[in-house]
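J.: Can you look at this prediction? I've put the sequence above it.
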Amino acid sequence: MKRMFFLTLVVVFLQACSATPYQKQKSIYSGGYTETQLDENVFRVSFDGNEYTGADRVADFTLLRSADLTLQHGYSYFVVIDANSYSNYSAFTMPTTSHTTASAHGFGNSAYGSATTTTTGGQTFLVSKPSSTNTIVCFKEKPKNVFSYNAKFIYKNINEKYDIKISQGN
């Protein structure tokens, strides 16, 4: 009985979850962005989503964090020199439970009965968690002969797209 209650509680909790918000990653389970500064104007930026986060949202939040870092460090443009997107897959199988209902009738020296067993659970769910990583180079002026992103433009548009309530530089 306690086990069934616990499983029900876990299912309710998982249903209450939503897509990973734009946030700094606090643990490997929480999702969010991380960055590593590789040189004065070079950064590796990653965003990990949870099972409720789509690949497009992860790519957008990786660009948003790239623009945010660019602006925080006093630059206006950035170039993505390396990009990787992937998903981590795992499977979760619900435990099975069986419930048997029986009835018996006696008559003289004989007994007659029937039983029905119902088994539930055992479903396997495939979980996909998308991730994206960009290595960026930041510039104060728009570089020539190479595609570059305008950090202010990216920052403004992705913030508006997802209705994120953050101020520049967070």
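T.: Happy to help now that I have it.

J.: Distance check, the residue nearest the centre of the chain against residue 79.
T.: Geometric centre of the chain, nearest residue: residue 50, 1.6 Å, by C-alpha atoms, centre = their mean. Distance from residue 50 to residue 79, counting by C-beta to C-beta, to the nearest Å: 29 Å. (Glycine included, C-beta is placed from N, CA and C.)

J.: Output the longest helix belonging to the protein.
T.: Identified as the longest helix of the chain according to DSSP state H is helix 55-72.

J.: tell me what the helix or strand just after that helix is packed against?
T.: Sequence order places strand 77-93 as the next helix or strand after helix 55-72, per DSSP states H and E. Packing partners of strand 77-93 (3 or more C-beta pairs under 8 Å, 6 or more residues apart in numbering; DSSP states H and E): helix 55-72, strand 124-139, strand 149-150.

J.: in its sheet, what does the second one sit against?
T.: With DSSP bridges as the criterion, the sheet partners recorded for strand 124-139 are strand 42-48 (antiparallel), strand 77-93 (antiparallel).

J.: circling back: please identify the most buried of the helices and strands packed on strand 77-93.
T.: helix 55-72 (a mean of 22; mean count of other C-beta atoms under 10 Å).

J.: Can you pull the poorly scored residue ranges out of this protein?
T.: 1-16, 166-170 (pLDDT under 70).

J.: quick revisit: nearest to residue 19 among the helices and strands packed on strand 77-93 would be which one?
T.: helix 55-72 (6.1 Å; C-beta to C-beta).

J.: Give me the angle between the longest helix of the chain and strand 42-48.
T.: 150 degrees (axes from the mean of the first three to the mean of the last three C-alpha atoms, to 10 degrees).

J.: Next, the residues that contact helix 55-72 from outside, please.
T.: Contacts with helix 55-72, where a contact means C-beta atoms under 8 Å, 6 or more residues apart in numbering, come from 19-20, 22, 33, 35, 43, 45-49, 76-78, 80, 85, 87, 130-134, 136, 138, 149, 151-152, 154-155, 158-159, 161-162, 164, 168-170.

J.: one step back: ok, the residue nearest to the centre of the chain touching residue 23?
T.: No. Using C-beta atoms under 8 Å, residue 50 is not in contact with residue 23; the gap is 11.4 Å.

J.: one step back: redo the helices and strands packed on strand 77-93 as JSON lines? Include distance to residue 108.
T.: Below are the helices and strands packed on strand 77-93 laid out as JSON lines (distance: least, C-beta to C-beta, whole Å):
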{"stretch": "helix 55-72", "distance to residue 108": "71"}
{"stretch": "strand 124-139", "distance to residue 108": "50"}
{"stretch": "strand 149-150", "distance to residue 108": "89"}
